[in-house]
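J.: here's my sequence, what's the structure:
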Amino acid sequence: MISVLIPTYNWNAYSLVAELQSQFNSTNIPFEILVVDDASQSELNSENEKINTLGNCSFVELEENIGRSAIRNLLASKAKYKYLLFLDADVIPTHKNFVDDYAKRISDSNKVIVGGIAYKNETSTKLLRWKYGKKYEQVSLEIREKNPSKYFFTANFLIEKKLFSSIQFDENFTKYGYEDVVFGRELEHKGIEIHQIQNEVFHLGIDTNQSFVNKTKQAIVNLVSLENKDKNLTGNIGLLKMYKRLKKFGLRSFLSLFTKQFEKFATQHSSLFFFNLFRLGYLHKVFKNIN
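T.: Just a heads-up that it's a prediction; the model follows:
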């Protein structure tokens, strides 16, 4: 009844799959778990191959990279069951009833169900990516329910296959950044309810500070392209709201002069304050270069 779809790139997904399989085996729910690597050519895929030894589970490595959105659409096309549970490879359920909690809520096919994101309190707490996720992604169910599309994350959600096929992910997104925002807004525009529930996964793949900053630069390029294409898709994004407020005070050009310094302080000190200043300055630079 449920197809679990896990795109991966240079990550060992075996522990996640083994945990999910164990949870499914304790229920009577028909399932399959499909994992596809997007041509990372990673040495970790020798571990991922072990997924093929688990019942109802499979791992495939693509020969050519197709991108973050296309790989999710590919997984959905291969799924044989009515409901699709999308999970990122670098997550793990926060509790043993994760599968059962989703299964209890699949009767309403007109809803998309989002479980939420959480972060462990371990060594990564000193990293910028952990601080960002803890503040902006690990939010209470009460807050998520007030703005469901804002807190839609591709890392952990359930959707009926027929419904997903009518929307799909925008395959123009080949690199990191904002594909989840666009998908969430598309759901909202089509009148499809996003139902937030308390069924989180821990995000384990915490980037180094510089890697996170580099990904953020790519995400901002995506964001500017989206804003120029359709402002309805980006109206819920806090970074853009702040950027537009700064126009009243003439601060955007001023901040952009110190973008490199803000980046340096953010990476050296894992500072969210300087990271956000860096994002605003970099956003202005990209807007000027594209427009």
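
J.: was I right to think Glu61 contacts Asn45?
T.: Yes: in this structure, Glu61 is within contact of Asn45 by CB atoms under 8 Å, at 5.5 Å. Bear in mind the C-beta positions are built from the backbone N, C-alpha and C, glycine included.

J.: intersection of neighbour lists for the two?
T.: The contact sets of Glu61 and Asn45 overlap at Asp37 (CB atoms under 8 Å, 6 or more residues apart in numbering).

J.: and Ala79, its phi and psi?
T.: phi -70, psi 140 (degrees, to the nearest 10).

J.: so what's the residue count around it?
T.: Close neighbours of Ala79, defined as other CB atoms under 10 Å, add up to 18.

J.: give me the mean pLDDT for the longest helix along the chain.
T.: Counting by DSSP state H, the longest helix found in the chain is helix 209-229. Summarised as a single mean, pLDDT over helix 209-229 is 89.

J.: could you check the angle helix 209-229 makes with the first helix or strand past that helix going along the chain?
T.: Toward the C-terminus, helix 209-229 is succeeded by helix 238-246 as the next helix or strand (DSSP states H and E). Put simply, helix 238-246 runs at 70 degrees to helix 209-229, going by axes from the mean of the first three to the mean of the last three CA atoms, to 10 degrees.

J.: which residues sit against helix 238-246?
T.: The contact list for helix 238-246 (CB under 8 Å, 6+ apart) reads 220, 223, 227, 234, 252, 255, 276, 279-280, 283-284.

J.: so Ala219 sits against Val181, correct?
T.: No: using CB under 8 Å, Ala219 makes no contact with Val181, being 9.8 Å away.

J.: now do the strands in the stretch 51-200 of the chain.
T.: For the stretch 51-200 of the chain, strands defined by DSSP state E, counting those that start in this stretch occupy the ranges 57-61, 83-87, 91-93, 111-114, 117-118, 156-160, 193-196.

J.: with mean pLDDT, mean neighbour count and distance to Arg185 as new columns, can these be given to me in CSV?
T.: Listed next are the strands of the stretch 51-200 of the chain as CSV, based on pLDDT from 0 to 100; neighbours: other CB atoms under 10 Å; distance: least, CB to CB, whole Å:
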stretch, mean pLDDT, mean neighbour count, distance to Arg185
strand 57-61, 98, 18, 31
strand 83-87, 97, 24, 17
strand 91-93, 97, 20, 23
strand 111-114, 92, 22, 12
strand 117-118, 96, 21, 19
strand 156-160, 95, 23, 14
strand 193-196, 92, 18, 10
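
J.: of the ones you listed, which is nearest Asn209?
T.: strand 117-118 (19.6 Å; CB to CB).

J.: gap between Lys190 and Ile197?
T.: 21 Å (CB to CB, to the nearest Å).

J.: how does the protein divide up, domain by domain?
T.: 2-203, 209-290 (automatic domain parsing).

J.: so how far is the last one off the chain centroid?
T.: Domain 209-290 has its C-alpha centroid displaced from the chain centroid by 19 Å (CA atoms, centre = their mean, to the nearest Å).

J.: same question, stretch 181-194
T.: Offset of stretch 181-194 from its chain centre (CA atoms, centre = their mean): 15 Å.

J.: which of the contacts of helix 238-246 lies closest to Met1?
T.: Nearest to Met1, judged by CB to CB, of those is Thr234 at 35.7 Å.

J.: next, count neighbours for Phe169.
T.: Count around Phe169 with other CB under 10 Å applied: 22.

J.: so where is the stretch 51-200 of the chain shaky, pLDDT-wise?
T.: The stretch 51-200 of the chain contains residues with pLDDT under 70 at 108-109, 173-175.

J.: if we go to 90?
T.: 67-69, 104-111, 121-126, 147-152, 166-192 (pLDDT under 90).

J.: can you map out the helices along it?
T.: Taking DSSP state H, counting those that start in this stretch as the test, the helices found in the stretch 51-200 of the chain are 68-78, 98-103, 128-136, 141-146, 161-165, 179-189.

J.: coming back round to it: give me the more crowded residue out of Lys190 and Ile197.
T.: Taking other CB under 10 Å, Lys190 and Ile197 do not tie; Ile197 has more neighbours (17 against 10).

J.: for the more buried one, what are its contacts?
T.: Taking CB under 8 Å, 6+ apart as the test, what Ile197 contacts is 101, 105, 113-116, 141.

J.: same list (the strands of the stretch 51-200 of the chain) but as a markdown table, adding distance to Lys260.
T.: Output for the strands of the stretch 51-200 of the chain, formatted as a markdown table (distance: least, CB to CB, whole Å):
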| stretch | distance to Lys260 |
| --- | --- |
| strand 57-61 | 38 |
| strand 83-87 | 36 |
| strand 91-93 | 33 |
| strand 111-114 | 37 |
| strand 117-118 | 30 |
| strand 156-160 | 35 |
| strand 193-196 | 38 |
